[in-house]
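Q: Starting from these lines, generate the structure:
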Amino acid sequence: MSELPFGTSDPTPAESTEDGPLAPYGAPTILDVGEPADSPSSASSTPDAGEDVGQRPFAAPALTDEAPLSSQDRAKRTLWSSRISLLLVAALVGGLAGHFAAPSSSSNGITINSNSSSPGGAVLPSGLTVPALVHKVEPSIVSIDVKGQGTEDQGTGMIISSKGYVITNNHVIAAAVGGGSITVTRTGSTKSLPATLIGTNPIDDVALIRINNASGLPAVTLGNSNALEVGDAVVAIGNALGLAAGTPTVTAGIVSALGRTVTAGSTSSSETLNNMIQTDAAINPGNSGGPLLDSHGSVIGMNTAVAGTLPDGTSAQNIGFAIPVATIQSLLKPLMAGESVVNHGAFIGVEIMSMTPSLQAQYGFTVSSGAVVMSVISGSGAAAAGLKQGDIIVEINKTTIGSAPDVSSVISALHPGDTVTIHIVRGSKHLTVKVTLGTQPAG
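A: Next comes the predicted model:
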């Protein structure tokens, strides 16, 4: 799957890579989750339900030259075959407890069963009910409205500081970059508050805004996305469909997969987002920038994308994506300093995932941090330098790489044609390779 710059309108077909030819059914379209799909401003940028987008089956090479694999080893390595690449268009349970009271009879002889007790909330593994978790977190959630250049976008944000700093997706506030306006509405309020754009990172689809003259606001608690496991309970909160600012929608589900690669694109630009959390908690247009919460109410991700419709008209079901909070935390310092990342289009040619304790234990990696190479793009500088799937990038140009976002941070400051020195760990070997950066492929 090609790494691509990021954009906001119609998707373009993915290119075939060494992974194999296009699959018969193609990839699902990923709907924008920053703006209501039926809003007037989004009509020109939202793809039709039947729009074709290609997808390739992932045929991962073995991590070593040893062959053949035992059935146990093959099962162990399903992580690599679980990787998917999707095309994103962007601008981007429980049970009821109760009982019946004694029946009462009306005067006409019809018996009606009734119960006056309160409904029971769905209980999370932490022991919190979903309503209790929502009451705890909602005061820190805001609805965002952005106007600029004849467009209006809506999304969600999370207050991360009592001084009114709010984190959200870059594609939510993109229309304001050229001089538009941003307003936010706190949960439980109908009053729009002006906000100022502080810093942007379109490469990782993260942005920071600040509510003007704010103080003493409740902030979310950031959790540990590196400790997530498939099957963990999650709750999503956001301004779904922009139905009513200040009254967010709540959905619940589980972590469906980890380390997904999602390619976001348009006719003018696109970008690959690595290491995404996949969830079956319903995510809809307007949820962008809202929190994905663990069962304690801590933020473990930021809702960003949702799969839409297959080329044959079949709707994708319950597939949404969130940026891990570990990625967001790694970007906060430059964002708060007012820095904005400029993508010069440099292209290294790998799809990567942050090292986690579970990943290290599963594959016996000899290092506990770094960026794990999930695939190498054919014809790229990385391929020419001999990088392989399963390599762990631990340093680029003498900058320590602790996670996948660190790679993006280093490469985003460079230009096509630059040569970088990359230190990798391959099994028990420590190797140094030089990679000449290419240009982001079109579409």
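Q: domains of the protein?
A: What automatic domain parsing lists as the domains of the chain is 1-93+126-139+228-341, 140-211, 344-443.
Q: right, so of these, which gets closest to Ser116?
A: domain 1-93+126-139+228-341 (18.5 Å; Cβ to Cβ). No exception for glycine: its C-beta is placed from N, CA and C like everyone else's.
Q: average pLDDT for that closest one?
A: Averaged over domain 1-93+126-139+228-341, pLDDT sits at 66.
Q: One more: stretch 360-372?
A: The average pLDDT for stretch 360-372 rounds to 89.
Q: can you give me the end-to-end distance of it?
A: Using Cα to Cα, to the nearest Å, the end-to-end distance of stretch 360-372 comes to 10 Å.
Q: which of the domains of the chain sits most buried?
A: Neighbour counts (mean count of other Cβ atoms under 10 Å) averaged over each of those peak at domain 140-211, with a mean of 22.
Q: what sits against Asn275?
A: By Cβ atoms under 8 Å, 6 or more residues apart in numbering, Asn275 lies in contact with Leu258, Gly259, Arg260, Thr261, Pro324, Thr327, Ile352, Met353, Ser354, Ser403, Ala404, Pro405.
Q: Ramachandran angles for the fourth one?
A: Think Thr261. Backbone torsions of Thr261, given as degrees, to the nearest 10, read phi -110, psi 120.
Q: Just list whatever residues bridge to it.
A: The partner list for Thr261 in beta bridges (DSSP bridges) reads Ser85.
Q: Settle this for me: it is touching Met374, isn't it.
A: Yes: in this structure, Thr261 is within contact of Met374 by Cβ atoms under 8 Å, at 6.7 Å.
Q: doesn't Leu128 make contact with His296?
A: Yes: between His296 and Leu128 there is a contact under Cβ under 8 Å: 7.0 Å.
Q: can I assume Lys136 sits in a helix?
A: Yes: counting by DSSP: H, G, I helix; E, B strand; the rest coil, Lys136 falls inside a helix.
Q: Skipping adjacent residues, who's closest to it in space?
A: Nearest residue to Lys136, sequence neighbours excluded (Cβ to Cβ, 6 or more residues apart in numbering): Gly297, at 4.9 Å.
Q: With Val123 instead?
A: In space, Val123 is closest to Thr129, 5.5 Å off (Cβ to Cβ, 6+ apart).
Q: which stretches of the stretch 101-250 of the chain form strands?
A: Along the stretch 101-250 of the chain, the segments classed as strands by DSSP state E, counting those that start in this stretch run 104-105, 111-112, 141-148, 151-159, 165-168, 181-186, 192-201, 206-211, 233-238, 249-265.
Q: Report the beta-bridge partners for Ala346.
A: Where Ala346 sits in a bridge, its partners, by DSSP bridges, are Thr439.
Q: distance of it from Asn170?
A: Ala346 sits 18 Å away from Asn170, going by Cβ to Cβ, to the nearest Å.
Q: Could you do Leu128 as well?
A: 31 Å.
Q: Also Pro131?
A: Pro131 sits at a distance of 32 Å from Asn170 (criterion: Cβ to Cβ).
Q: before we move on, what about Gln149?
A: The spacing between Gln149 and Asn170, counted by Cβ to Cβ, is 16 Å.
Q: Check Val341 too.
A: Here Val341 is placed at a distance of 9 Å from Asn170 (Cβ to Cβ).
Q: Touching, Ser412 and Ile203? I think so.
A: Yes: with contact defined as Cβ under 8 Å, Ser412 counts as touching Ile203 (5.1 Å).
Q: residue contacts, the spatially closest residue to Gly238 that is not a sequence neighbour?
A: For Gly238, ignoring the flanking residues on the chain, the nearest one in space by Cβ to Cβ, 6+ apart is Gly290 at 3.0 Å. Gly290 sits next to Ile141, Gly155, Thr156, Gly157, Met158, Ala236, Ile237, Gly238, Asn239, Pro248, Met302, Asn303 when contact means Cβ under 8 Å, 6+ apart.
Q: Show me what the fourth one bridges to in the sheet.
A: I take that to be Gly157. Val142.
Q: you'd agree it is up against Val166?
A: Yes: with contact defined as Cβ under 8 Å, Gly157 reaches Val166; the gap is 4.0 Å.
Q: what do those two both touch?
A: Both Gly157 and Val166 are contacted by Val142, Ile144, Val184, Ile209, under the criterion Cβ under 8 Å, 6+ apart.
Q: got the contact list for the last one?
A: With contact taken as Cβ under 8 Å, 6+ apart, Ile209 is in contact with Ile144, Gly157, Tyr165, Val166, Thr168, Ile173, Ile182, Val184, Ala195, Thr196, Leu197, Ile198.
Q: now swap in Lys398 and tell me
A: Applying Cβ under 8 Å, 6+ apart, we find Lys398 in contact with Thr421.
Q: ok, back up a step: is it possible to get TSV of the strands of the stretch 101-250 of the chain that adds distance to Ile424?
A: Formatted as TSV, these follow (distance: least, Cβ to Cβ, whole Å):
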stretch	distance to Ile424
strand 104-105	74
strand 111-112	71
strand 141-148	40
strand 151-159	35
strand 165-168	32
strand 181-186	41
strand 192-201	25
strand 206-211	26
strand 233-238	33
strand 249-265	18
